[in-house]
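A.B. asks: sequence and computational prediction follow.
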Amino acid sequence: MKTKTRFLIGMVEILLVPGAVLAQSDFSGAWRIDISKTSFSGNPQIFVLKKGEYQCKSCVPSLAIKADGADHAVTGNPYFDSISIKIVDDRTVEETRKKNGRTVSTSRIVVSPDGNSATFQFNDSSRTNGDPIVGSGSLTRVGKAKQSSGKHMLSGEWQISKYANLSENASTFTLGVDGDTLRMTTPTGQSYAANFNGSDAPYHGDVGVTSVSVLRLGNDTFTETDKRDGKPVRERRFMVNPHDTKTMVIIDSDLLTGTTEDLNADKQ
């Protein structure tokens with residue numbers, strides 16, 4: 001009789017294990033991106049600054065305004081509705097973006113004397129519901145610098161080569177698994193709760209993302225697709241290292257610009 005009782009207790013414990021394992025999913029926890037391990041690929045950023053006119057041909061939608069330091073109205077981007085471009089000198093350009101008259105981001109790019117690299121700094125609150133995202137980094141020119149009359153040294157094609165620093169609110173996020181539901185929150189105010197079956201769910205806290213879908217591809221992999229009015233704008237693939245569940249690789253693809261960041265995150 002005692003043997004049968006022990007057997008029944010054992011069976012109950014086995015049946016309870018899947019729930020416990022699910023609650024302790026390898027996805028769950030607070031994660032922080034190690035920016036020193038970030039790599040960049042895809043389409044370059046393309047700027048033309050000549051004779052007082054600024055164009056960003058790689059922007060979506062593309063931009064073409066006067067570089068006179070004044071605010072110029074732009075359309076088609078949910079995060080800002082005006083831009084000003086200020087030429088500081090022959091190697092330095094400053095940009096200010098506003099929405100409804102309020103500054104939502106500032107940036108400064110300084111091209112190296114040889115024209116083959118540049119550094120950038122930015123302060124961006126366009127996608128936050130709290131403190132702005134602050135960071136800096138460097139760019140590498142694609143191809144050779146070409147000088148021509150009236151053309152600023154910023155003109156050309158550029159690829160981000162690295163981030164020098166990035167504020168913690170932009171490099172941390174929290175995931176939680178509850179049954180078939182994945183929950184995500186960020187310090188900048190974004191969140192969602194979506195079923196792993198790929199169905200759409202509301203995305204909160206970002207004016208440029210209205211819905212999200214997540215699809216589980218295995219015990220250690222899922223994809224997240226961010227959408228704007230039903231159209232996919234960004235896709236992220238999250239892959240926890242099965243041999244070291246404290247590390248994760250994230251492939252973050254901007255579907256509008258055709259750029260990709262390969263990120264590495266550590267569980268905190």
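C.D. replies: Here it is on my side, so go on.

A.B. asks: mind listing what residue 255 touches?
C.D. replies: By CB atoms under 8 Å, 6 or more residues apart in numbering, the contact set of residue 255 is 232, 233, 234, 235. No exception for glycine: its C-beta is placed from N, CA and C like everyone else's.

A.B. asks: helix or strand: which one has the first one?
C.D. replies: With secondary structure defined by DSSP states H and E, residue 232 is part of strand 231-240.

A.B. asks: strands of the stretch 1-150 of the chain, start to end?
C.D. replies: Along the stretch 1-150 of the chain, the stretches classed as strands by DSSP state E, counting those that start in this stretch are 29-33, 39-42, 45-50, 53-56, 63-66, 72-73, 82-89, 92-99, 102-111, 117-124, 133-141.

A.B. asks: in its sheet, what does the helix or strand that comes right after the strand holding residue 232 sit against?
C.D. replies: Scanning forward in sequence from strand 231-240, with DSSP H and E defining helices and strands, the next element found is strand 247-254. Strand 247-254 has these partner strands in its sheet, going by DSSP bridges: strand 231-240 (antiparallel), strand 259-267 (antiparallel).

A.B. asks: before we move on, back to that, tell me how far the strand holding residue 232 is from the chain's mean position?
C.D. replies: Once both centres are worked out by CA atoms, centre = their mean, to the nearest Å, strand 231-240 turns out to sit 10 Å from its chain's centre.

A.B. asks: what residues does that strand touch?
C.D. replies: By CB under 8 Å, 6+ apart, the residues outside strand 231-240 that reach it are 26-27, 208-209, 220-227, 247-256.

A.B. asks: mark which of these are buried, thanks.
C.D. replies: For these, a neighbour count by 16 or more other CB atoms under 10 Å gives the buried set as 26-27, 209, 220-227, 248, 250, 252-255.

A.B. asks: which residue is the nearest non-sequential neighbour of residue 61?
C.D. replies: With CB to CB, 6 or more residues apart in numbering as the criterion, residue 61 has its nearest non-adjacent residue at 4.1 Å, and that residue is residue 76.

A.B. asks: surely the one you found and residue 62 touch.
C.D. replies: No: look at residue 76 against residue 62 with CB atoms under 8 Å: they stay out of range, at 9.2 Å.

A.B. asks: need phi/psi at residue 207.
C.D. replies: phi -70, psi -20 (degrees, to the nearest 10).

A.B. asks: now it: closest residue in space that isn't a chain neighbour?
C.D. replies: Of all residues not flanking residue 207 in the chain, residue 78 sits nearest, at 4.8 Å (CB to CB, 6+ apart).

A.B. asks: the one you found is in contact with residue 208, isn't it?
C.D. replies: Yes: contact status for residue 78 versus residue 208: in contact at 4.3 Å, counting by CB under 8 Å.

A.B. asks: who touches both of the two?
C.D. replies: Going by CB under 8 Å, 6+ apart, residues that sit against residue 78 and also against residue 208 are residue 228.

A.B. asks: okay, now the unreliable bits of the stretch 51-200 of the chain?
C.D. replies: Scanning the stretch 51-200 of the chain for pLDDT under 70 picks out the ranges 147, 149.

A.B. asks: please redo it, this time with the cut-off set to 90
C.D. replies: 130, 143-150 (pLDDT under 90).

A.B. asks: quick check: end-to-end length of stretch 42-62?
C.D. replies: Between the start and the finish of stretch 42-62 there is a gap of 17 Å, counting by CA to CA, to the nearest Å.

A.B. asks: if we can go back for a sec, in the strand holding residue 232, what counts as buried?
C.D. replies: Applying a neighbour-count criterion of 16+ other CB under 10 Å, the buried positions in strand 231-240 are 233, 234, 235, 236, 238, 239, 240.

A.B. asks: what's the closest of the residues you listed to residue 71?
C.D. replies: Within the buried residues of strand 231-240, distances to residue 71 taken as CB to CB reach their minimum at residue 233, with 25.9 Å.

A.B. asks: against residue 30, how distant is that closest one?
C.D. replies: Distance, residue 233 to residue 30, using CB to CB, to the nearest Å: 26 Å.

A.B. asks: swap in residue 238?
C.D. replies: Distance, residue 238 to residue 30, by CB to CB: 14 Å.

A.B. asks: got the angle between the strand holding residue 232 and strand 29-33?
C.D. replies: Going by axes from the mean of the first three to the mean of the last three CA atoms, to 10 degrees, strand 231-240 is angled at 100 degrees with respect to strand 29-33.
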